[in-house]
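Visitor: Quick check, what structure comes out for this input:
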Amino acid sequence: MKVFDELKARGHIAQLTDEEEIRELLNNGKATFYIGFDATADSLHIGHYMALCLMRHLQLAGNLPIALLGGGTTLIGDPSGRTDMRQMITSEQIEANALKFKFQMEKFIDFSDGKALMLNNADWLTKLNYVELIREIGPHFSVNNMLRAECYKQRMEKGLSFLEFNYMIMQSYDFYYLYKKHDCVMQCGGDDQWSNILGGRELIRRKLGESAYGMTIELLLTSEGKKMGKTQSGAVWLDPNKTSPFDFYQYWRNIDDADVATCLKRMTFMPLEEISELEKLEGQEINKAKEALAYELTKQVHGEEEAKQSMKGAKTLFGGGVGGEIPTTELTDEDFDDMSIDIISLLVKTGLCKSRSDARRNIQQGGVFADDEKVEDIEKSWNLDELKDGIVIRRGKKSFNKAIYK
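Guide: Numbering: from 1, shown residues only. Just a heads-up that it's a prediction; the model follows:
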């Protein structure tokens, strides 16, 4: 199966500008394409992972990916899908975030021997002269058309700043610049980027008289239409220090039955024939498909050894024992007050709850367990000796941490 047909079969493609031309370009490995990654956080998350999957599929078919770090566009802030303005961050923080993105991307994309490029749009956007830019680019953008774009609609309700209004122009300029400098004929991105992609395509047509192409990826949604990759504590990150390999594994092991097949197709590189067999599983058997999904994703993001340990830890834990592979918090003398530590402090210390009030609320709602026994007393505590072998604290059904004093 050619790459374009495989992307369709896996459910990756949402919208595209010229299907037959794009099919030929991608199937013949002729496309230089780019995807942008704004450095708004210090780690990529599972939404970015979808873009990396697309890049890898296309690279394996011989196409040339450009991973564009948004050092310049992050200074403005993408209004797409937002109801409020993004918090502005410093150039120094953006640069630090971009370096972390680079390290994470290299796990998925082969940048050796010119097989892919990694660029930063700060290299050209921050050097632009504003008056020259609006004279050169401004005439090619209709304000009326821009205000009808999906990326601005939500922001218009609460007030769209002039800063954010420039974002489409900056992203369009990126496409125009990459087309001229690197023969980049196609831009890809999440489906919420469709208006921005069309803006760049139209700029290339107006300025250069050339054809360029755009394609968007289906956003990662649950069967109920909600964004996937969010937990009570925030996003599912690719950085193991922000989302541990065990928590990452557990997230995918515990997704709804209705979402398993979609995730297997879109997020793993398992053969479609193998996925088709897993789709046939029903009842309790579907847990085998969930385990396959969790293992494959953890292996791709964190490596095979972490995937094995996470699977082993989960099986040990759910089998009734205490597995040493689950996330562990080592307690020191400083964590104890009068030689003991209470359950609220443990929940906060292990990161299972964000605050003491959050911990108290979870206990009162009956969602906290210690070694599988429900904790009902908010003043429950343990002394040093009781924690030398460790206890497994659980919040809800999916979040675990072993607290141990050494």
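Visitor: Specify the residue ranges that define each domain of the protein.
Guide: 3-217, 230-318, 328-405 (automatic domain parsing).
Visitor: Quick one: end-to-end distance for stretch 10-19.
Guide: For stretch 10-19, the separation between the terminal residues is 17 Å (CA to CA, to the nearest Å).
Visitor: What residues of that stretch count as buried?
Guide: By neighbour count with 16 or more other CB atoms under 10 Å, stretch 10-19 contains the buried residues 10, 12-13, 16-18. Every residue, glycine included, has its C-beta placed from N, CA and C.
Visitor: Of all the helices and strands in this structure, which has the lowest average confidence?
Guide: strand 230-231 (a mean of 65; mean pLDDT, DSSP states H and E).
Visitor: Take the domains of the chain and lay them out in JSON lines including distance to residue 223.
Guide: Shown next, in JSON lines, are those (distance: least, CB to CB, whole Å):
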{"stretch": "domain 3-217", "distance to residue 223": "13"}
{"stretch": "domain 230-318", "distance to residue 223": "4"}
{"stretch": "domain 328-405", "distance to residue 223": "18"}
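Visitor: Of all the ones you listed, which one is nearest residue 224?
Guide: domain 230-318 (8.1 Å; CB to CB).
Visitor: tell me how far the closest one is from the chain's mean position?
Guide: 15 Å (CA atoms, centre = their mean, to the nearest Å).
Visitor: now swap in stretch 169-188 and tell me
Guide: That offset, for stretch 169-188, works out to 23 Å (CA atoms, centre = their mean).
Visitor: Going by residue numbers, what spans are helices in the stretch 201-350 of the chain?
Guide: 245-253, 260-267, 272-279, 286-302, 304-318, 343-349 (DSSP state H, counting those that start in this stretch).
Visitor: which other residues reach the last one?
Guide: Helix 343-349 is contacted from outside by 329, 331, 335, 337, 341, 353-356, 358-360, 362-363, 368, 370, 375, 377-382, 393, 395, 403, using CB atoms under 8 Å, 6 or more residues apart in numbering.
Visitor: Report the buried members of those residues.
Guide: Buried, going by 16+ other CB under 10 Å: 329, 331, 341, 353, 358-360, 362-363, 368, 370, 375, 378, 381-382, 393, 395, 403, out of the contacts of helix 343-349.
Visitor: now the closest residue in space to residue 1 that isn't next to it in sequence: how far from residue 275?
Guide: Among residues not flanking residue 1 along the chain, residue 9 sits closest, at 7.0 Å (CB to CB, 6 or more residues apart in numbering). Counting by CB to CB, to the nearest Å, the gap from residue 9 to residue 275 is 10 Å.
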